[in-house]
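> can't give you the sequence, but here's the structure:
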């Protein structure tokens, strides 16, 4: 099936910043509208777990990071992604503390969003993912667990930029962590 950005992605608002990664791996913010030669470049858009957060809240599941005006915590893991040519690396996950009584409901709600990471890939014990300290996320803001909460981990859209970085691509433009492309496409 062919895909046309002009036809299917009608940008209502762009609320993201781009991050430019060069061979020297010095990241710098670039401005929207900057011009770079993209001959032979490949581009793609990925779903984001932010897309299911409103459904969780409508389902009565509080999200502490939103209540605290923080970005969701993200962690590098020891879970290897399937290599694709020169691209190889490990998965990044986002973590949301969810009250133990709400875990099954959170799984049920997010299962309706397969295009934006769907159900958690892990619940509980973060060390089994290679994430030892929830107080020190690799990306974004720490969100601490309360006594009656469990950490739920979802696949994260930061994975491709992390893989691009450690694969030492000579040139890559990605979104900045927590700043996404916003379109008028509906999730539900």
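On my side now, so go ahead. None of the values given here were measured: they were computed from a predicted structure. Residues are numbered from 1 along each chain as shown.
> can you pull out the strands in this structure?
With DSSP state E as the definition, the chain shows strands at residue ranges 13-14, 18-22, 27-30, 73-80, 90-99, 122-123, 149-155, 171-175, 181-182.
> which stretch in those strands has the least confidence?
Taking the mean pLDDT of each of these, the lowest value is held by strand 13-14, a mean of 32.
> surely residue 94 touches residue 154?
Yes. Under the criterion of Cβ atoms under 8 Å, residue 94 lies in contact with residue 154, with a separation of 5.2 Å. Just so you know, the C-beta spots here come from the backbone N, C-alpha and C atoms, and that holds for glycine as well.
> can you give me the helices for this structure?
5-8, 53-58, 64-67, 103-110, 159-166 (DSSP state H).
> how about residue 149, what does it touch?
64, 97, 98, 99, 100 (Cβ atoms under 8 Å, 6 or more residues apart in numbering).
> rerun that using 6 Å as the cut-off
Contacts here follow Cβ atoms under 6 Å, 6 or more residues apart in numbering; on that basis residue 149 touches 97, 99.
> again, but for the one 3 residues further on
Going by Cβ under 6 Å, 6+ apart, residue 152 touches 96, 98, 120, 123.
> to residue 146, which of the helices of the chain lies closest?
For the helices of the chain, proximity to residue 146 was assessed by Cβ to Cβ; helix 64-67 is nearest, at 7.5 Å.
> next, the buried residues of that closest one.
By neighbour count on 16 or more other Cβ atoms under 10 Å, the buried set for helix 64-67 is 64, 65, 66.
> by mean pLDDT, point me to the weakest helix or strand of the protein.
Taking all helices and strands of the chain together, the one with the lowest average confidence (mean pLDDT, DSSP states H and E) is strand 13-14, at a mean of 32.
> low-confidence ranges in the protein?
Within the chain, the set of residues satisfying pLDDT under 70 comprises 1-39, 42-47, 49, 175-183, 185-188.
> what about stretch 59-67, start to end distance?
Counting by Cα to Cα, to the nearest Å, the length from the leading to the trailing residue of stretch 59-67 is 15 Å.
> the closest residue in space to residue 122 that isn't next to it in sequence bridge partners, please.
Nearest-residue entry for residue 122: residue 153, 4.3 Å, with adjacent residues in sequence omitted and distances by Cβ to Cβ, 6 or more residues apart in numbering. Under DSSP bridges, the beta-bridge partners of residue 153 are residue 95, residue 122.
> for the remainder of this discussion, apply numbering that starts at 13.
Will do, 13 is the new start, and the previous item becomes residue 165.
> surely residue 165 touches residue 104?
No. Counting by Cβ atoms under 6 Å, residue 165 sits too far from residue 104 to count as a contact (10.0 Å).
> number of residues surrounding residue 108?
Summarising burial for residue 108: neighbours were counted as other Cβ atoms under 10 Å, giving 26.
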